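Asker: Got a predicted model here, sequence first, then my questions.
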Amino acid sequence: MNVTITRTAEEIKAACERLRSAEALGCDTETSGFNSRSGKLFSIQFSDGEYNVLVPLSEGVAMGEFADLLADENIVKIFHNAKFDLEFLTAAGHTVRNVFDTMIAEKLITRGAGQSASLADTLYRYFAVDLDKSQRSKFNKNWNGIWTPELVVYALSDVVHLPRLMKEQTEWLCKLGMTDQFNAQIAKLLTTGEMPGGLL
């Protein structure tokens, strides 16, 4: 896995230059909990499917130019359960535009099939990828905020697959005639901050 942890101004500039050329970026955050009002944003991760970047906010690194990537209308930001990440990013003062939510897409594609739309189950169905979530419990209010190699691999293991997953899901949404419905639900999420009705 091609990994960059951006801790210096030079690393941030180089990473942003590379990511800015992508049409779509997998995005994810790590946080101290599930409530954006009381929780902390520990990191944000980006991936174009080959180049993977972790911004270690917990180590005092500022979002800097990465905030411009989030707000760039020309780059699709791919999240799984965007509602969660957007709540933390918005609470931290960041604007995110042009969003694709792979969880909403999967709920539409599999509606009525009784299948889980979790990222782990979704990636296994599409690509036989087995996600290891054992490191997640370390992200809590008592964590020292230092990124070990194991934590970096864990945090980036989600986002690296999102560009490929979006491509597959986009094709399925088109085949099933659900593209307009998906776009409407993303628009509602971005406007109200709520998960669209019927997909809970």
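Answerer: Nice, I can see it.
Asker: Let me see the ranges of the helices in the protein.
Answerer: 9-19, 66-71, 82-91, 102-109, 119-127, 149-159, 162-175, 179-192 (DSSP state H).
Asker: count of neighbours near the nearest residue to residue 26 once chain neighbours are set aside?
Answerer: Closest residue to residue 26 apart from its sequence neighbours, by CB to CB, 6 or more residues apart in numbering: residue 162 at 3.0 Å. Where you see a C-beta, it was placed from the backbone N, CA and C, and this is true even at glycine. Neighbour count of residue 162, defined by other CB atoms under 10 Å: 28.
Asker: now swap in residue 74 and tell me
Answerer: Using other CB under 10 Å, residue 74 has 9 neighbouring residues.
Asker: rewinding a little: quick check: the residue nearest to residue 26 vs residue 148, distance?
Answerer: The gap separating residue 162 from residue 148 is 23 Å, by CB to CB, to the nearest Å.
Asker: per-residue confidence at residue 158?
Answerer: Note for residue 158: predicted pLDDT of 87.
Asker: who are the neighbours in contact with residue 132?
Answerer: For residue 132, the contacting residues are 154, 157, by CB atoms under 8 Å, 6 or more residues apart in numbering.
Asker: What pLDDT is listed against the closest residue in space to residue 70 that isn't next to it in sequence?
Answerer: Distances taken as CB to CB, 6+ apart put residue 96 closest to residue 70, at 4.7 Å, once the chain neighbours are dropped. Looking at residue 96, its pLDDT is 96.
Asker: try the one 10 residues further on
Answerer: If you check residue 106, the pLDDT there is 97.
Asker: what stretches of this protein score poorly on pLDDT?
Answerer: Along the chain, segments meeting pLDDT under 70 span 194-200.
Asker: rewinding a little: most tightly surrounded among the helices of the chain?
Answerer: helix 102-109 (a mean of 23; mean count of other CB atoms under 10 Å).
Asker: Now tell me what touches that one from outside.
Answerer: Contacts of helix 102-109 (CB under 8 Å, 6+ apart): 78-82, 117, 119, 122, 162, 165-166, 169-170, 172-173, 176, 178, 181-182, 185-186, 189, 195-196, 199.
Asker: So residue 21 versus residue 50, what's the distance?
Answerer: For residue 21, the distance to residue 50 - CB to CB - is 12 Å.
Asker: so what's the nearest residue to residue 179 once chain neighbours are set aside up against?
Answerer: The shortest distance from residue 179 to any non-neighbouring residue, by CB to CB, 6+ apart, is to residue 173 (5.0 Å). Counting by CB under 8 Å, 6+ apart, residue 173 makes contact with 105, 108, 109, 179, 182.
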